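**Student:** Could you work out the structure for the sequence below:
(chains A and B)
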Amino acid sequence: QKEVEQDPGPLSVPEGAIVSLNCTYSNSAFQYFMWYRQYSRKGPELLMYTYSSGNKEDGRFTAQVDKSSKYISLFIRDSQPSDSATYLCAMSAGRSNYKLTFGKGTLLTVNP
Amino acid sequence: AAGVIQSPRHLIKEKRETATLKCYPIPRHDTVYWYQQGPGQDPQFLISFYEKMQSDKGSIPDRFSAQQFSDYHSELNMSSLELGDSALYFCASSLAVDPNEKLFFGSGTQLSVL
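**Tutor:** From the prediction side, this is the model:
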């Protein structure tokens, strides 16, 4: 079993929809939780970063961490076609910039 | 703002050849990480360097080696290439002294082994 599980999708939604992306993990040592967006053949781009449990909001994006359930989520409100990309969750046990363990990524398509 | 620069962007090699990938971190960043992402796979941590010393090692084959130079740029050397080495290789950098500093990725080098 992988340390981080993420449904690869693909996920297709109409423009303006609310998107929910999720990851579960098994390593209770993970303390830092991140969401990266990756366009085809590009490097992952950091979207959201959360330390320990709780919620964090940034514009149309909300990240939630529930350490008791070992479950993290990313919500995208008012989704746009430009949000179409692969979304990877990532986690680390040490400092936030320590080596990351990624999920497999969820391919999201937002249709105009 | 300056980002992580990787070169080359694309590289085509044949089996058993060698390849060298270069990474130039964001200015002031002293830590470099290498990740390998196979087709349809999540990035896998290979190796990291802090202040020119290897700081951690992941699933890096013995055929691969890497180093960080005095100007903090890093090179990943890959020998006896195999078909399975075909992947996107990412470099990321951060500033170690700041525990809240995030990891920033380059655009990657796409290696194709024929």
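**Student:** Output the below-cut-off pLDDT ranges for chain A.
**Tutor:** Residue ranges of chain A with pLDDT under 70: A:1, A:95-97.
**Student:** So the residue lying closest to residue B:5 once chain neighbours are set aside versus residue B:38, what's the distance?
**Tutor:** Distance criterion Cβ to Cβ, 6 or more residues apart in numbering or on different chains; nearest residue to residue B:5, sequence neighbours excluded, is residue B:24 at 4.1 Å. All C-beta spots, glycine's among them, are computed from the backbone N, C-alpha and C. Note on residue B:24: its distance to residue B:38, by Cβ to Cβ, to the nearest Å, is 24 Å.
**Student:** which of the two has more neighbours?
**Tutor:** residue B:24 (20 against 13; other Cβ atoms under 10 Å in any protein chain shown).
**Student:** Would you tell me which residues of chain A are close to chain B?
**Tutor:** A:4, A:6, A:8, A:34, A:36, A:41-46, A:49, A:88, A:95-105 (Cβ under 8 Å from any Cβ of the partner chain).
**Student:** Report the beta-bridge partner residues of residue B:111.
**Tutor:** residue B:11, residue B:87 (DSSP bridges).
**Student:** contacting residues for it?
**Tutor:** Neighbouring residues of residue B:111 by Cβ atoms under 8 Å, 6 or more residues apart in numbering or on different chains: B:11, B:13, B:19, B:21, B:78, B:85, B:86, B:87, B:88, B:89.
**Student:** need the residues of chain B near chain A, please.
**Tutor:** B:4, B:31, B:33, B:40-45, B:48, B:56, B:58, B:88, B:90, B:92, B:94-96, B:99-108, B:110.
**Student:** where exactly do the strands run in chain B?
**Tutor:** For chain B, the strands defined by DSSP state E occupy B:5-7, B:10-13, B:19-24, B:31-37, B:44-50, B:53-57, B:64-68, B:74-78, B:87-94, B:104-105, B:109-113.
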